[in-house]
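# Provided below for reference: sequence and predicted model.
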Amino acid sequence: MVQLILDHRAEEALELLADHYNDVAPRLEVGLPPGHTGVAGCYLPSRKTIYTRDGEGLSNPFLIIHEFYHHIRMFDGKHLGTEKYADRFAKSYIEAYKRARRIRE
């Protein structure tokens, strides 16, 4: 997933993640929605969309995977995860990617 995002293929990564978690992939949009200034990205459950502040965010694995965590933790309109857990979720993918790269080298 991390490599796909680094390769500017975030939508493909989200499709694979969603499939893995038996969910529908969220949409991706560049530009933050009103009321969400000062952040690099956010997830709006009402639109099932991950927003990034700019195009660079689309190739940021931490940002995309962090916001995907928020997507999969929505149940009946309630978010059942926290920023701390979203951070851990994203970091776990990044650490796995780093380990895999070390093994290949």
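Arrived safely, thanks for sending.

# can you list contacts of stretch 41-54?
14, 24, 26-33, 36, 39-40, 57-58, 60, 63-64, 66-68, 70-71, 74, 77, 79 (C-beta atoms under 8 Å, 6 or more residues apart in numbering). Bear in mind the C-beta positions are built from the backbone N, C-alpha and C, glycine included.

# could you pick out the buried ones from those residues?
14, 26, 28, 32, 40, 57-58, 60, 63-64, 66-68, 70-71, 74 (16 or more other C-beta atoms under 10 Å).

# okay, and which of these map to strands?
Leu28, Met74 (DSSP state E).

# list just the nearest of the buried ones among the contacts of stretch 41-54 to Lys91.
Nearest to Lys91 among the buried ones among the contacts of stretch 41-54 is His66, at 8.9 Å by C-beta to C-beta.

# so what's the closest one closest to, chain neighbours aside?
Take His66 and drop its neighbours on the chain: the residue closest to it by C-beta to C-beta, 6 or more residues apart in numbering is Ala90, 4.1 Å away.

# which SSE is the one you found in?
Element membership for Ala90 (DSSP states H and E) is helix 83-104.

# packing partners for that helix?
helix 2-6, helix 61-72 (3 or more C-beta pairs under 8 Å, 6 or more residues apart in numbering; DSSP states H and E).

# look up how far Glu56 lies from the closest residue to Asp87 other than its chain neighbours.
Distance criterion C-beta to C-beta, 6+ apart; nearest residue to Asp87, sequence neighbours excluded, is His66 at 6.4 Å. Using C-beta to C-beta, to the nearest Å, we find His66 at a distance of 15 Å from Glu56.
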